[in-house]
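Engineer: Just a sequence and a predicted model for now, questions to come.
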Amino acid sequence: MQFRQQALARLQSPEELDLPVRFARPQGWLVLSVTVVAMAAASVWAVTGSVSSTVGAPAVLTYGQGSYVLQSPVAGQVTAVLAKEGERLPAGSPVLEVRTERGDEVVRTLDAGRVTALAASTGQIISTGANVAAVEKVARAKAPLRATVYVPAESAAGIPAHASVDLTVQSVPSQEYGVLHGEVKSVDRTAQSAQQIAAFLGDAQLGEQFTKKGRPVAVTVELEKSSGTESGYAWSSADGPPFELTSMTLATGSIRLADQRPVDWLLP
């Protein structure tokens, strides 16, 4: 009741009406100014800015034309192995000699390339269509390596032409030598089956491994070259590893996707 009487008394004698009113302290104006500037900057960035993202996927270092699995066209006993692993052979070169019911037959390469694996040995009995060798198609001795990255199909549409790629190579300690640099050369818009991947890489296990979570899309990456490294390719470190890279080396690729706008404006 006492406070009510004081309020009524103040209304009856408003002697302080001529005093200036303080709306905000200087500290309040400073906070308000900072808030307005921050909101303006955010609005500008929302209109003109972009967000970068990447997609990671398993990769394999290969030569451009891939590999193929050589199958025996005849059944019989292997009497001689005529090729060696790592040997580069022209098309039509002898790989195995097989004794059949009709006499000795020679299994030959279909395309020129390097023998990466032999699956048959002398004395072994093989059937028609048996896998006897894996041959990597290499056009010339100094052919450049490429990387094939098997990206989930739902992410392939967001990969722009010439997108930058970082490759973490399994056989190279990334903490010491960094990552391998590359650029997207092409994107195969058709999802790959396990059989297609196995046919290209010459390895059925990799075909099964890369399709465990669905059929991926093959992205061909051209590696950035460098004359200052032992491998001949550019790394995030100055020198890279002190050895050459070999084909069929596993890696993990990180591909930069197309920049996306943070806000989609809806026009009436």
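Structural biologist: Looks like it arrived, so ask away. Numbering: from 1, shown residues only.

Engineer: what residue ranges in the protein score low on pLDDT?
Structural biologist: 1-34, 36-52, 139-141, 258-268 (pLDDT under 70).

Engineer: Contacts for the top strand by length along it next, please.
Structural biologist: Assignment by DSSP state E gives strand 180-191 as the longest strand of the chain. Identification of contacts with strand 180-191 by Cβ atoms under 8 Å, 6 or more residues apart in numbering yields 146-147, 153, 156, 159-169, 172, 214-224, 233-236, 240, 251, 253, 255. In this view, the C-beta of every residue, glycine as well, is placed from N, C-alpha and C.

Engineer: what's the answer for stretch 218-226, then?
Structural biologist: 57, 59, 64, 144-151, 156, 159, 165, 167, 180-188, 192, 197, 200, 232-235, 240, 253, 255.

Engineer: what do you get if the cut-off is 6 Å, keeping everything else the same?
Structural biologist: Applying Cβ atoms under 6 Å, 6 or more residues apart in numbering, the external contacts of stretch 218-226 come out as 145-149, 151, 165, 181-188, 192, 233-234.

Engineer: What segments of the stretch 151-268 of the chain are helices?
Structural biologist: Using DSSP state H, counting those that start in this stretch, the helices of the stretch 151-268 of the chain run over 153-156, 174-177, 194-201, 204-210.

Engineer: Which elements pack onto the longest one?
Structural biologist: In terms of contacts (3 or more Cβ pairs under 6 Å, 6 or more residues apart in numbering; DSSP states H and E), helix 194-201 is packed against helix 204-210.

Engineer: Render the CA-only coordinates of the helix it packs on in CSV, please.
Structural biologist: What follows is helix 204-210, C-alpha atoms only, in CSV (Å, rounded to 0.1, in the frame of the first residue of the first chain):
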residue,chain,number,x,y,z
ALA,A,204,37.5,-61.0,-58.5
GLN,A,205,38.1,-60.3,-54.8
LEU,A,206,38.3,-56.6,-55.5
GLY,A,207,35.1,-56.8,-57.5
GLU,A,208,33.3,-58.3,-54.5
GLN,A,209,34.9,-55.9,-52.1
PHE,A,210,33.9,-52.7,-53.9
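
Engineer: gap between that helix and the chain center?
Structural biologist: Computed by Cα atoms, centre = their mean, to the nearest Å, the separation of helix 204-210 from the middle of its chain amounts to 16 Å.

Engineer: what's the answer for stretch 228-241, then?
Structural biologist: How far stretch 228-241 lies from its chain's middle: 19 Å, per Cα atoms, centre = their mean.

Engineer: Buried residues, it. List them.
Structural biologist: If you call a residue buried by 16 or more other Cβ atoms under 10 Å, then stretch 228-241 has these buried ones: 229, 231-235, 240-241.

Engineer: what's the farthest-apart pair in these?
Structural biologist: Ala234 and Pro241 (12.3 Å; Cβ to Cβ).

Engineer: what's the distance between stretch 61-73 and the middle of its chain?
Structural biologist: So, by Cα atoms, centre = their mean, the centroid of stretch 61-73 is 21 Å from its chain's centroid.

Engineer: I misspoke; the intended subject was stretch 165-181.
Structural biologist: In terms of Cα atoms, centre = their mean, the gap separating the centre of stretch 165-181 from the centre of its chain is 12 Å.

Engineer: next one: stretch 160-179
Structural biologist: With Cα atoms, centre = their mean, you get 9 Å for stretch 160-179.

Engineer: List the buried residues of it.
Structural biologist: Neighbour-count burial for stretch 160-179, with 16+ other Cβ under 10 Å as criterion, is recorded at 163, 165-169, 172, 174, 177-179.

Engineer: start to end distance for that stretch?
Structural biologist: Terminal residues of stretch 160-179 lie 21 Å apart, using Cα to Cα, to the nearest Å.

Engineer: So what touches it?
Structural biologist: 147, 180, 182-184, 221, 235-237, 240-241, 249-256, 258.

Engineer: Those residues in strands, which ones?
Structural biologist: Going by DSSP E, the strands hold 147, 180, 182-184, 221, 249-256 from the contacts of stretch 160-179.

Engineer: For those residues, which single residue is the most surrounded?
Structural biologist: Ranked by neighbour count (other Cβ atoms under 10 Å), the ones in strands among the contacts of stretch 160-179 have Leu180 at the top, with 30 neighbours.
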